[in-house]
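A.B. asks: Whatever this is, show me its structure:
(one chain, ligands or ions: 1)
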Amino acid sequence: MSKTYSRKRFRTQLDALVPSTTKKRRIFPSTPTLQHYHPSTLPLPPLPSYTTYEPNNPLSYLARLRTFHPSLYSPFLPHFISPIKLAGNGWFCSSRDGVECRCGAKWGVGGLIDIKDPRVREEIGRRLGEGMVDRHMAGCGWRILSCPGTSSFFLILTM
Ligand SMILES: [Zn+2]
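C.D. replies: Next up, the predicted model:
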C-alpha cells in the first residue's frame, strides 16, 4: 500500500474508523455557502421562527430582530446591548426590556435606563453585553456560533 496520502485515501481511512455494514460515504464534501443576497425589488420570503437556530440565515436573524419593538425594548439603552447585537447572538425580546433564547435562558435590562449617570449606565451595559454569550444554557448552540458580523450579512436589511 502506498504511503502517500490523497484526499480519497484520507476519506476512506476516516470512513473505516466508523464500523458500518453499508458502503455509504460518511465524509461529505463541504456545502456551498448560503446566498445572502436578496434583491430589494422582490418581497421578502416568509421569515422562519425567531426561535430557530440558524446563525448563517439572515432571515432568521431578521425574525429575531423584529421582536425588539420600541414599545418593549428601549431604543435608548447602551449600544453594547443593542437589538442588533442581541439578535445576532440568538436572543429575542420576550417581555418589557427582557430577552430570551430558545434554550430557555432569560435575562433583562429593566431599570438600566433609569440610571442617571451616563458613564455608569454605559459601563453596566458594556458588562451585560460582554456576558450575553455566557448567559445561554450549557449545550445551547448560540454559545458556540453566533451570526457572522460581516457587513455582507446585513445587506438584506439595508436594501
Ligand atoms: Zn441559548
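
A.B. asks: Output the set of residues of the chain in proximity to the ion.
C.D. replies: Counting by C-beta under 5 Å from the ion, the chain comes close to the ion at 101, 103, 136, 140, 142. Bear in mind the C-beta positions are built from the backbone N, C-alpha and C, glycine included.

A.B. asks: Could you pick out the longest helix of this protein?
C.D. replies: helix 118-130 (DSSP state H).

A.B. asks: Quick check: the farthest pair among the residues of the chain next to the ion?
C.D. replies: Using C-beta to C-beta, the two most remote members of the residues of the chain next to the ion are Cys103 and Trp142, lying 7.3 Å apart.

A.B. asks: Comparing these two, which shows the higher neighbour count?
C.D. replies: In terms of neighbours (other C-beta atoms under 10 Å), Trp142 is the more surrounded of Cys103 and Trp142; the figures are 22 against 18.

A.B. asks: The ion versus the spatially closest residue to Gly88 that is not a sequence neighbour, what's the distance?
C.D. replies: Spatially, and ignoring its direct neighbours in sequence, Gly88 is nearest to Cys147 (4.0 Å; C-beta to C-beta, 6 or more residues apart in numbering). Using C-beta to the ion, to the nearest Å, one obtains 13 Å as the distance from Cys147 to the ion.

A.B. asks: Please verify my assumption that Cys147 contacts Tyr61.
C.D. replies: Yes: using C-beta atoms under 8 Å, Cys147 is in contact with Tyr61, at 5.4 Å.

A.B. asks: which one of those two has more residues nearby?
C.D. replies: The residue with more neighbours, out of Cys147 and Tyr61, is Tyr61; 26 against 22, by other C-beta under 10 Å.

A.B. asks: all helices of this protein, in order?
C.D. replies: With DSSP H as the criterion, the chain has helices at 7-17, 58-65, 83-88, 118-130, 155-158.

A.B. asks: With mean pLDDT and distance to Leu77 as extra columns, can I get those helices in JSON lines?
C.D. replies: Below are those laid out as JSON lines (pLDDT from 0 to 100; distance: least, C-beta to C-beta, whole Å):
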{"stretch": "helix 7-17", "mean pLDDT": "80", "distance to Leu77": "48"}
{"stretch": "helix 58-65", "mean pLDDT": "91", "distance to Leu77": "15"}
{"stretch": "helix 83-88", "mean pLDDT": "93", "distance to Leu77": "9"}
{"stretch": "helix 118-130", "mean pLDDT": "93", "distance to Leu77": "6"}
{"stretch": "helix 155-158", "mean pLDDT": "46", "distance to Leu77": "20"}
